[in-house]
Every structure is written in C-alpha cells, then in structure tokens.
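Colleague: Quick one: sequence plus predicted model below, questions after.
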Amino acid sequence: MKVDRVISGESAPHLTVVLADDHLVVRAGMRLLLSQDTAFDIVAESSTLPETFLAVERHHPSVLVLDLTLAGQSSLRSIPELLATSPRTRILVLTMQEDPAFAREALRIGAVGYLLKEAAAEELLGAARQVAAGATYVQPSLGARLAVTGPGTSTTGMGAGAGADDSLTAREVEVLSLLALGHTNQEIAEQVHVSVRTVETHRARIREKLGAETKADLVTAARERGLLA
C-alpha cells in the first residue's frame with residue numbers, strides 16, 4: 001500500500017535512525033518506508049550485532065529499529081548494552097518473534113516498541129513516529145495477547161503431546177529458539193552471556209515443560225511458536 005510522503009515543517013525534529021536487520025531486502029523496505037517522512041534520516045544500517053554497536057556508538061540515533069536475531073545471534077540481551085552506549089536512543093524491535101514472552105522481556109529491559117514484521121507499512125511508520133516522540137508502542141494484536149497472558153507465559157504449546165505446564169520464560173524461549181537453530185550449549189552460552197551449566201538447566205526445564213524428548217520435538221515446539229522462519 002502506498003504511503004504519501006510527509007513534508008515536515010521547519011520546526012519538525014530531525015530524527016536519526018539506524019536500521020539493524022540481517023536481511024538486505026527488509027532493510028531496503030524499511031528505508032523506503034521511513035523516507036516517506038522527511039523528519040527521518042537513515043544514518044546507518046547494520047546486519048550483525050557488532051556492526052549495530054558500532055553504528056549506535058558512532059551516530060547515537062534517535063531511533064534504533066532492531067531485529068531480535070542478527071546473523072544467527074540473539075540481540076535481545078544486548079538491548080541494555082545498546083542503551084548504555086546511547087542512552088537517548090529509543091529502541092523499536094521489529095521481528096518475526098510473535099511469542100509474548102519476547103515482547104514482555106524486550107520492553108522490560110529497555111525497548112520502547114515491539115512490532116511484528118507482518119505489520120502493515122503504515123503501522124511501522126506510525127510506530128517509529130510514536131517511539132521517537134517518547135511514547136511506547138506495541139502492535140495492537142500482540143498487546144492484547146500480552147494483556148491476556150501472565151508474566152513469562154507463552155501462548156502456544158506443542159499440542160496434545162505437551163507437558164502439563166508448557167509456559168516458558170523469555171530466556172527459555174530464547175534458548176529454545178537457538179537450540180532449534182542447531183546451536184550447541186557452548187554457543188548459546190556465549191550468545192546470551194550465561195554459563196554452559198545455566199544453558200543446560202534451561203534446556204532441562206524446556207524439555208520438562210514441553211514434554212520434549214528429542215531434538216525433533218524441540219524444533220517442532222520452536223516452529224509452532226513462530227521462532228523459525
């Protein structure tokens with residue numbers, strides 16, 4: 001759907017933006033969309049977590065549009081570090097991760113916006129404007145799920161084969177996603193900044209909650225939660 005270009009007046013703020021996503025086509029689409037509002041100035045793009053830190057440190061953008069997975073590396077736990085690098089930057093998460101546990105945790109640790117990539121073009125532009133103005137934005141459909149589910153709750157399960165309590169914490173969802181992508185315990189520990197023993201504990205709890213006995217069960221659970229493309 002076409003978005004008419006907004007011509008900002010002289011008094012409109014100059015809002016700098018960094019786009020962090022490991023898909024070139026996605027970044028191109030975001031760049032084209034945000035260019036519809038002349039208040040936004042895309043100052044940098046990144047496809048990896050190290051590149052994102054460099055861009056934020058160099059530009060101190062008004063808004064960072066951040067995917068939760070960059071080149072196979074989770075960026076969720078880096079949100080506080082990114083904000084420490086640039087305290088005035090407003091982080092808008094744009095992701096495929098629709099599990100409310102991810103949104104709840106991202107907002108808890110410093111993000112001010114959470115939007116799914118399936119959102120309409122106008123919604124991304126509106127979300128960017130709102131977070132830049134100091135507001136918090138959560139995609140309405142996801143916000144409703146956040147209101148219904150309790151802390152640490154996941155809204156989907158494996159089905160009839162799942163355990164009695166299949167609610168996962170945000171960290172467990174993150175570990176499940178990385179396990180399903182084929183990462184080892186050591187690799188996961190390095191990405192989420194915990195010990196290997198802690199990863200093993202999370203893994204055991206995930207298996208218990210989901211009734212998952214095999215790697216295939218974990219992959220199925222991750223896919224049903226929308227954690228795999």
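Modeller: Great, that's in hand. Numbering: from 1, shown residues only.

Colleague: contacting residues around residue 68?
Modeller: Listed by Cβ atoms under 8 Å, 6 or more residues apart in numbering, the contact set of residue 68 reads 74-76, 93, 95, 97, 102, 106. In this view, the C-beta of every residue, glycine as well, is placed from N, C-alpha and C.

Colleague: err, residue 44, not the other one
Modeller: Residue 44 sits next to 18-19, 55, 58-59, 61 when contact means Cβ under 8 Å, 6+ apart.

Colleague: run the last query once more with 6 Å
Modeller: Residues near residue 44 by Cβ atoms under 6 Å, 6 or more residues apart in numbering: 18, 55, 59.

Colleague: Among these, name the buried ones.
Modeller: Buried subset of the contacts of residue 44 (neighbour count, 16 or more other Cβ atoms under 10 Å): 18, 55, 59.

Colleague: Dump those to TSV, plus secondary structure.
Modeller: Formatted as TSV, the buried ones among the contacts of residue 44 follow (DSSP: H, G, I helix; E, B strand; the rest coil):
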residue	secondary structure
18	strand
55	helix
59	helix
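
Colleague: From the residues you listed, pick the one nearest residue 182.
Modeller: Closest approach between the buried ones among the contacts of residue 44 and residue 182, by Cβ to Cβ: residue 55, at 28.2 Å.

Colleague: so the closest residue to the closest one other than its chain neighbours is in which element?
Modeller: In this structure, residue 55 finds its nearest non-sequential neighbour in residue 44, 4.0 Å apart by Cβ to Cβ, 6 or more residues apart in numbering. Element membership for residue 44, per DSSP states H and E: strand 40-46.

Colleague: same question, residue 114
Modeller: Residue 114 belongs to strand 113-116, assigned by DSSP H and E.

Colleague: Against which helices or strands is that strand packed?
Modeller: strand 90-95, helix 121-132 (3 or more Cβ pairs under 6 Å, 6 or more residues apart in numbering; DSSP states H and E).

Colleague: make it 10 Å
Modeller: Contacts defined by 3 or more Cβ pairs under 10 Å, 6 or more residues apart in numbering; DSSP states H and E place strand 113-116 against strand 63-66, strand 90-95, helix 100-108, helix 121-132, strand 137-138, helix 140-148.

Colleague: For residue 170, state which of the contacts of residue 44 is nearest.
Modeller: residue 18 (23.9 Å).

Colleague: Help me confirm that residue 58 comes into contact with residue 89.
Modeller: No. At 11.9 Å, residue 58 does not count as touching residue 89 under the criterion of Cβ atoms under 10 Å.

Colleague: Pull up the overlap in contacts between those two.
Modeller: Common contact partners of residue 58 and residue 89 (Cβ atoms under 10 Å, 6 or more residues apart in numbering): residue 18.

Colleague: which of those two has more neighbours?
Modeller: residue 89 (21 against 13; other Cβ atoms under 10 Å).

Colleague: Low-confidence regions, this protein specifically.
Modeller: 1-13, 143-166, 225-229 (pLDDT under 70).
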